[in-house]
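Q: Below is the sequence, then the predicted model.
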There are 2 protein chains.
Amino acid sequence: MEYSEKQIAIINTAERLFSVKGFDGTSVRDIAQEAGVNLAMISYYFGSKEKLMEAVFEKRMNVVHLKVEDLLQNNTLTQLEKVNLLIDDYVDRFIDQSEFHKIMIREQLIEKNSHIAALILQLKKRNLQSIKKLVMDGQKTGEFRKNIDVAMMMATLVGIASQVTTSQHFYREMNNLEHMSEPDFKKYIRKKLSVYLKFLFKATLTNETK
Amino acid sequence: MEYSEKQIAIINTAERLFSVKGFDGTSVRDIAQEAGVNLAMISYYFGSKEKLMEAVFEKRMNVVHLKVEDLLQNNTLTQLEKVNLLIDDYVDRFIDQSEFHKIMIREQLIEKNSHIAALILQLKKRNLQSIKKLVMDGQKTGEFRKNIDVAMMMATLVGIASQVTTSQHFYREMNNLEHMSEPDFKKYIRKKLSVYLKFLFKATLTNETK
DNA sequence: TAAAACTAAACAAACGTTTAATTAGTTTAT
DNA sequence: ATAAACTAATTAAACGTTTGTTTAGTTTTA
């Protein structure tokens, strides 16, 4: 689907507002005004507010799979190196697309069988299967220990990354980092998350003791 | 504040519906109908929908502080044992009050300076200070290592517990646990979370290698 | 019998969506 | 080449619902 400049403006504005005020808390009038388009254009282009939300999701979700499945094919890296690359990929996405991830978190909380809920579930399942495969490979080579709960492992990755990125203000204040510029803090938190998660994953996955 | 039966019914219904459909996604008519009361009673008792939400929060938040500050006073336990008790306390609350926690997660995502947002922030700060104290005590006795990022540590606890409890369906399916009864699964996930978080915290806090 | 609890109805505002009309740009016909 | 026909983009206004809240009146309680 090719979008015009105006359509893209609507999608981006919708993403931002949905992330800040929630889907139900954002009116199509809000979106139209902030995107600088007439109210009716939203229905005209996307059909409905619901379908505009779907357009936001499609824009972001199309690029997700690639990385994990690329890594699985790779033969020059150890399994732990692959896991570490995966961690960085997740951290980057959470930080660079924090608005979209806020929307995702909220949507997952809602118990309805919407098209979007189905999309998210499908994506999560697919990713988990790929990562299970990666872990099994590591177990075969003896790199990883037995009895690893991969779902719990992913809950760790996603849970911590969500928690930190959605409460950046709080984290910043609690560590007296208010003096940092926004980009510097992003860099700082990215590195911090990356190092910490890799440490946790090494402790969980391998038999090494340091 | 003492509440009548009817008021409690309204608060409980509101909590359930807010958790499932979100604050903006829930109408006061929904709440009134499901609670079996007249629409006007909500305004009559609570003043507004917003204040009903605050009543939901006050009901849950009044009992939070106690545990952490109790632990700090205790002299018969090692610092690691205190941390472990804290973990179980958090896990229990996330599992037993998962509806309320869904609401909390959502409220924290919204960028507005509401009374509720202020309440949550205040609570988080207070808890973090207490736990920082606990960690410092452990560092003084040599039980814990230096350079511990307590905010990151709490993000781990809250992040993983949130992630697992809010995606119980997914976790259940991914581990082929559909056969379990709901209470059995609750028991299972509680134990799983407890053991796993204690492992992670030990690895993060202490210098021990197993 | 006075205060508290409760109700059905009404309120204005906000909501998502549709309409009918207009503009601008492109294609077709002569 | 120019007038006519057609298409897509855009607009302001209106549509019917639903929203949270209030009113004015009735019933219950103490």
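A: Alright, I've got the coordinates.
Q: and A:Thr206, what does it touch?
A: Contact criterion C-beta atoms under 8 Å, 6 or more residues apart in numbering or on different chains gives A:Leu80, A:Glu143, A:Phe144, A:Arg145 as the residues in contact with A:Thr206. Bear in mind the C-beta positions are built from the backbone N, C-alpha and C, glycine included.
Q: Buried among the residues you listed? Make that a ChimeraX selection.
A: With 16 or more other C-beta atoms under 10 Å in any protein chain shown as the criterion, this ChimeraX line picks the buried residues out of the contacts of A:Thr206:
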select /A:80,143,144
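Q: Which of the contacts of A:Thr206 fall within helices?
A: The helices in this structure, assigned by DSSP state H, contain A:Leu80 from the contacts of A:Thr206.
Q: from the contacts of A:Thr206, which are also near DNA strand C?
A: The subset of the contacts of A:Thr206 within reach of DNA strand C, by C-beta under 7 Å from any atom of the strand, is empty.
Q: So is the helix or strand harbouring A:His101 next to chain B?
A: Per DSSP states H and E, A:His101 falls inside helix A:98-109. Yes. Judged by C-beta under 8 Å from any C-beta of the partner chain, helix A:98-109 comes into contact with chain B at A:Lys102, A:Ile105, A:Arg106, A:Gln108, A:Leu109.
Q: Tabulate the residues you listed (CSV), appending pLDDT and neighbour count.
A: Written out in CSV, the entries for the residues of helix A:98-109 next to chain B read as follows (pLDDT from 0 to 100; neighbours: other C-beta atoms under 10 Å in any protein chain shown):
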residue, pLDDT, neighbour count
A:Lys102, 96, 22
A:Ile105, 95, 22
A:Arg106, 95, 20
A:Gln108, 93, 18
A:Leu109, 93, 20
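Q: would JSON lines of the residues you listed with distance to A:Arg29 be doable?
A: JSON lines is the format used below for these (distance: C-beta to C-beta, whole Å):
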{"residue": "A:Lys102", "distance to A:Arg29": "21"}
{"residue": "A:Ile105", "distance to A:Arg29": "25"}
{"residue": "A:Arg106", "distance to A:Arg29": "21"}
{"residue": "A:Gln108", "distance to A:Arg29": "27"}
{"residue": "A:Leu109", "distance to A:Arg29": "25"}
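Q: which among these gets closest to A:Gly22?
A: A:Arg106 (6.1 Å; C-beta to C-beta).
Q: And chain A, what are its domain boundaries?
A: Per the record, chain A has its domains at A:5-55, A:63-205, by automatic domain parsing.
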